[in-house]
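Q: Predicted structure and sequence below. I'll ask about it afterward.
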Amino acid sequence: MRLSLGMLLRLLGLPAKADPGGSQLDNDRNSLIARLRGVVGHRNVLSDANTTLPYRTGYRIGAGDVLAVAKPGSLVELWRTAELCAACDVIMIVQAANTGLTGGSTPYGSYDRPVVVISTLRIDAVIPILGGTQSICLAGSTLTLLEERLRTSGRVPHSVIGSSCIGASVIGGICNNSGGALVGRGPAFTRFALFARVNAQGRLELVNNLGLAIGDDPFSILSALDRGEVADAKIENPQQEACLSDYETHVRNISAVSPARYNADSRCHFEAAGSAGKVIIFAVRVDSYPAAKSTATFLLTTDNAQDLADFRHHVLGSFRTLPVTAEYLHREAARTAATHGNDICVAIRHLGAARVPLLFAVKRHIDRILRRFGLFGRSPADHILQAIGSVAPHPLPRSIRKLADQCEHMLLVTVADEGIREARSYIGVHQDSSLSAHQCSSVEADALQRLRFATAGAMVRYCDVEAAAGPLVAIDCALPRNARDWQISLPSGLAGQVLISAAYGHFLCHVFHLDFVLKPGCDPVQFENTLVQKLHSMGVECPAEHNFGHHYQAPENVVDFYRSLDPTNSLNPGIGKTSKSKFWN
């Protein structure tokens with residue numbers, strides 16, 4: 001299953017004989033950049049500090065130095081890149097879209113070995129199989145691309161673009177057990193994956209649990225996938241689902257004291273699923289679902305939090321058909337998204353979600369150029385985009401702008417097919433209560449969804465462009481399923497440190513994202529630790545779906561899972577605030 005180092009070096013035209021002087025490892029590291037360029041091409045290996053900055057800096061937190069950034073363009077190139085890095089005993093951090101919110105796909109501080117970031121974005125193929133009921137997604141495939149490939153089959157994927165960023169990757173979601181917006185699906189998960197791990201002897205080995213009979217060695221398997229040669233006849237277990245199939249029953253258990261989904265849940269940890277970068281994932285096999293025949297979207301607004309608690313309890317306990325999504329926005333979050341995320345709303349509206357990753361690439365290029373002149377700090381393009389957003393029309397149409405701003409709490413509920421009648425019935429019974437309901441036109445619904453998608457990025461933007469802003473603290477939490485009091489209130493000692501805040505999330509799953517821009521001079525670490533301790537005392541789990549990254553301390557069961565995948569601690573070390581040292585020492 002492995003290509004030997006000697007064979008690899010001969011393929012690259014490099015000497016295979018080891019240096020008897022004992023400095024071979026250092027020599028290998030010093031020449032690694034040249035070797036990587038021999039594998040993926042000169043322009044696809046970055047080593048300059050300015051050009052590597054977007055790859056070694058987290059979307060919200062985290063940054064560190066790297067020896068190089070390698071960008072393979074095929075699975076075979078990814079394998080050769082990883083084998084070179086393993087042979088030279090360097091740390092590998094495999095990165096797709098770099099849209100994670102907890103610093104989990106970038107370096108963080110210093111390490112005991114050099115670091116190479118491997119970007120998989122050039123390996124973005126999706127191969128529908130079994131009539132579109134499942135798909136093979138390669139290392140850098142995005143949710144947007146998967147949605148597009150399934151559309152002709154009348155199918156939709158497990159996850160859709162949610163609260164964090166546009167352009168998120170399929171495999172990134174599975175690595176992090178991301179939950180997303182869809183009520184009935186649960187954490188991203190697969191039983192079928194093709195991945196490589198660094199074994200206890202420091203050698204790279206390929207594990208083929210994709211359920212495809214397409215070869216017996218790494219190069220035949222990877223080459224077949226690179227060519228898209230996946231005939232249905234080669235699928236070994238075509239009837240078996242890839243996902244966890246009991247989430248709807250699980251989320252409906254509104255008497256349970258545990259959350260519906262959270263990152264420390266061992267039920268969701270299996271090989272690639274929940275692996276958090278501790279293996280190198282080449283491809284996954286994922287399920288799809290029939291698209292709805294018809295949908296309707298309702299905007300529920302209220303100043304009484306109990307109204308939404310009652311709605312959640314009734315829907316999960318009594319509705320025969322769960323809503324497709326039920327996205328919560330606090331008024332302050334919606335206002336910040338409108339003022340500091342409007343450029344994203346404009347881009348999605350006029351270009352579509354599929355084009356937004358390209359815009360992010362352009363943004364990185366602008367940043368790289370303007371940083372050389374010392375303009376606008378770390379993110380000069382954000383100042384330009386903010387200026388564009390500030391002169392663009394408001395992201396919401398006039399027909400619902402006042403409605404969305406008049407109450408403290410907003411719930412955007414999308415229902416489908418048989419669920420439409422149930423939603424209308426509930427709203428009709430409660431039309432005289434303090435809960436206001438508006439059935440949205442397609443234009444209104446799309447605008448509200450865009451605003452919801454822009455929220456997390458808007459808080460990052462606020463910190464980047466506003467001189468009065470202090471540090472950002474972002475909490476990702478899951479409330480117990482039986483909780484009726486769902487609002488998180490800050491102790492007075494913490495509340496006084498907050499400049500602006502945003503609360504938003506996936507309401508029926510009781511997953512919330514709490515973002516706080518602190519006043520200048522406040523200590524974000526102390527603020528976060530105090531708040532997380534308070535949440536844990538309430539039975540709230542952190543994190544819920546953004547994974548531990550370098551933001552949260554992983555519990556023992558998660559650390560044990562990471563160690564089983566990566567015994568030498570060569571892949572993404574330090575994740576979950578674990579050891580960064582070789583062999584976990």
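A: Nice, I can see it. Note that this is a predicted model, so its numbers are computed, not measured.
Q: mind listing what the residue nearest to Y262 when sequence neighbours are not counted touches?
A: Nearest residue to Y262, sequence neighbours excluded (Cβ to Cβ, 6 or more residues apart in numbering): E541, at 3.8 Å. C-beta: built from backbone N, CA, C; applies to glycine. Listed by Cβ atoms under 8 Å, 6 or more residues apart in numbering, the contact set of E541 reads S258, P259, Y262, N263, A264, C477, A478.
Q: for those residues, which one is nearest T295?
A: Relative to T295, the closest of the contacts of E541 is A478; by Cβ to Cβ it sits at 26.4 Å.
Q: hmm, back to that, weed out the non-buried ones from the contacts of E541.
A: Among the contacts of E541, those scoring as buried are P259, Y262, N263, A264, C477, A478 (criterion: 16 or more other Cβ atoms under 10 Å).
Q: Taking the residues you listed together, which two end up most distant?
A: Maximum pairwise distance among these (Cβ to Cβ): 12.0 Å, between A264 and C477.
Q: Name every strand pairing with the helix or strand harbouring R285 and say which way it goes.
A: Using DSSP states H and E, R285 sits within strand 280-290. Paired strands of strand 280-290, with direction, are strand 134-138 (antiparallel), strand 155-157 (antiparallel), strand 192-198 (antiparallel) (DSSP bridges).
Q: State the mean pLDDT of the first one.
A: In this model, strand 134-138 carries a mean pLDDT of 97.
Q: How about residues contacting that strand?
A: The contact list for strand 134-138 (Cβ under 8 Å, 6+ apart) reads 75, 123-129, 146, 149-150, 157, 170-171, 210, 212, 225, 230, 242, 282-288.
Q: Alpha carbons of whichever strand or helix holds L535, as CSV, please.
A: In this structure, L535 sits in helix 524-537 according to DSSP H and E. The C-alpha coordinates for helix 524-537 follow below in CSV (Å, rounded to 0.1, in the frame of the first residue of the first chain):
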residue,chain,number,x,y,z
PRO,A,524,-10.6,37.9,26.1
VAL,A,525,-9.1,34.7,27.6
GLN,A,526,-10.4,35.5,31.1
PHE,A,527,-13.8,36.6,29.6
GLU,A,528,-14.1,33.3,27.7
ASN,A,529,-13.0,31.1,30.5
THR,A,530,-15.4,32.6,32.9
LEU,A,531,-18.3,32.3,30.5
VAL,A,532,-17.5,28.7,29.5
GLN,A,533,-17.4,27.7,33.2
LYS,A,534,-20.8,29.3,33.7
LEU,A,535,-22.2,27.4,30.6
HIS,A,536,-20.8,24.1,31.7
SER,A,537,-22.4,24.6,35.2
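Q: Residues contacting the helix or strand just after it, please?
A: Where DSSP H and E defines the elements, the next helix or strand beyond helix 524-537 is helix 556-565. The contact list for helix 556-565 (Cβ under 8 Å, 6+ apart) reads 197, 263-264, 266, 269, 271, 274-276, 278-279, 548, 554, 569, 571, 575-576, 578, 584.
Q: repeat that with 6 Å
A: Helix 556-565 is contacted by residues A264, S266, H269, S275, K278, V279, T578 when judged by Cβ atoms under 6 Å, 6 or more residues apart in numbering.
Q: what's the answer for stretch 362-381, then?
A: N50, P54, H383, D464.
Q: repeat that with 10 Å
A: Outside of stretch 362-381, the residues within contact range by Cβ atoms under 10 Å, 6 or more residues apart in numbering are 48, 50-55, 57, 63, 98, 359-360, 382-386, 460-461, 463-465.
Q: which of these are buried?
A: Using 16+ other Cβ under 10 Å, the buried ones in these are 52-55, 57, 98, 359-360, 382, 384-386, 460-461, 463-465.
Q: Please verify my assumption that A458 contacts R450.
A: No - at 11.6 Å, A458 does not count as touching R450 under the criterion of Cβ atoms under 10 Å.
Q: Are there residues contacting both of these two? Which ones?
A: Contacts common to A458 and R450, judged by Cβ under 10 Å, 6+ apart, are A337, G341, N342, I344, C345.
Q: Of those, which is the nearest to V115?
A: Among the shared contacts of A458 and R450, and counting by Cβ to Cβ, the member closest to V115 is I344, at 30.4 Å.
Q: so where is the stretch 251-400 of the chain shaky, pLDDT-wise?
A: 357, 374-378 (pLDDT under 70).
Q: Tell me where it has strands.
A: For the stretch 251-400 of the chain, strands defined by DSSP state E, counting those that start in this stretch occupy the ranges 280-290, 295-302, 325-330.
Q: Distance to G428 and mean neighbour count added to those, as JSON lines?
A: Formatted as JSON lines, these follow (distance: least, Cβ to Cβ, whole Å; neighbours: other Cβ atoms under 10 Å):
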{"stretch": "strand 280-290", "distance to G428": "28", "mean neighbour count": "24"}
{"stretch": "strand 295-302", "distance to G428": "12", "mean neighbour count": "21"}
{"stretch": "strand 325-330", "distance to G428": "18", "mean neighbour count": "24"}
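Q: Those into JSON lines, with extra columns for distance to Q439?
A: Converted to JSON lines, the strands of the stretch 251-400 of the chain look like this (distance: least, Cβ to Cβ, whole Å):
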{"stretch": "strand 280-290", "distance to Q439": "24"}
{"stretch": "strand 295-302", "distance to Q439": "5"}
{"stretch": "strand 325-330", "distance to Q439": "15"}
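Q: if we can go back for a sec, neighbouring contacts of the helix holding L535?
A: Residues from elsewhere that reach helix 524-537 (Cβ under 10 Å, 6+ apart): 61, 470-475, 477-479, 488-491, 493-494, 497-498, 512, 514, 516, 518, 523, 540-543, 551-553.
Q: And it, how far out from the chain middle?
A: Averaging C-alpha positions (Cα atoms, centre = their mean, to the nearest Å) puts helix 524-537 23 Å from its chain's average.
Q: rounded to a whole number, what's the mean pLDDT of that helix?
A: Here helix 524-537 scores 95 as its mean pLDDT.
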